[in-house]
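Trainee: only geometry, no sequence info:
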């Protein structure tokens, strides 16, 4: 593979024949480290190695590239590296069939979890971080499947 060319898995590009599909773009410090995490730790399929990197993860795609300055289609907008913090405004949410199995496998291959899976009534969930510190929720619906919802907390706004 030369610097200019790479193998591309054309059959798995996020390119719908009709309608739309959702992908997640992450600004990353190291494409190689992120590609390894989403493919080797979480089991995704590499569609493109770089520029941008694309990994198919289950029925979605993670697209990753380093940050950069404005471009003609996003004038005045800079993509900057994510700053690891305990204050977040969004996160990826992975829904799984067997959370304990995923937790055990992913932890064994290097995933950094915040806690073990915790039963919250409607679901069992836990959180992990990727190499750039992006927060990822991993959840398995349990009580929700039987009509049990999460408990409303005093700080939750009405409605």
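Mentor: Received the coordinates, thanks. What you see is a predicted model; the values in this text were computed from it and never measured. Numbers count the residues shown, from 1 in each chain.
Trainee: find the nearest non-adjacent residue to the residue nearest in space to the middle of the chain, please.
Mentor: When Cα atoms, centre = their mean is applied to the chain, the residue found nearest the centroid is residue 92 (4.7 Å). Using Cβ to Cβ, 6 or more residues apart in numbering and skipping the chain neighbours, the partner closest in space to residue 92 is residue 136 (4.7 Å). C-beta coordinates here come from the backbone N, C-alpha and C atoms, glycine included.
Trainee: the one you found against residue 127, yeah?
Mentor: Yes - Residue 136 is within contact range of residue 127, at 6.6 Å (criterion: Cβ atoms under 8 Å).
Trainee: okay, and the common contacts of these two?
Mentor: Residues touching both residue 136 and residue 127 (Cβ atoms under 8 Å, 6 or more residues apart in numbering): residue 91.
Trainee: any idea how far the residue nearest to the centre of the chain lies from residue 21?
Mentor: Distance of residue 92 to residue 21, given as Cβ to Cβ, to the nearest Å: 16 Å.
Trainee: can you give me the neighbour number for residue 44?
Mentor: Using other Cβ atoms under 10 Å, the number of residues around residue 44 comes to 19.
Trainee: so what's it scoring on pLDDT?
Mentor: Residue 44 is assigned 97 on the pLDDT scale.
Trainee: quick one: list the elements packing against the worst-scoring helix or strand of the chain on mean pLDDT.
Mentor: When the helices and strands of the chain are scored by mean pLDDT, DSSP states H and E, strand 118-119 comes last with a mean of 94. Other helices and strands packing on strand 118-119, by 3 or more Cβ pairs under 8 Å, 6 or more residues apart in numbering; DSSP states H and E, are strand 123-129.
Trainee: off-centre distance for whichever helix or strand comes after the strand it packs on?
Mentor: Counting by DSSP states H and E, the next helix or strand C-terminal to strand 123-129 is strand 135-141. Distance, stretch centre to chain centre, for strand 135-141: 10 Å (Cα atoms, centre = their mean, to the nearest Å).
Trainee: compute the inter-axis angle for strand 135-141 and strand 123-129.
Mentor: 160 degrees (axes from the mean of the first three to the mean of the last three Cα atoms, to 10 degrees).
Trainee: thought residue 123 was touching residue 140?
Mentor: Yes - with contact defined as Cβ under 8 Å, residue 123 counts as touching residue 140 (6.1 Å).
Trainee: would you map the helices across this protein?
Mentor: With DSSP state H as the criterion, the chain has helices at 31-36, 99-108.
Trainee: can you redo these as CSV with mean neighbour count, distance to residue 158 and mean pLDDT?
Mentor: Shown next, in CSV, are the helices of the chain (neighbours: other Cβ atoms under 10 Å; distance: least, Cβ to Cβ, whole Å; pLDDT from 0 to 100):
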stretch, mean neighbour count, distance to residue 158, mean pLDDT
helix 31-36, 17, 39, 97
helix 99-108, 16, 30, 97
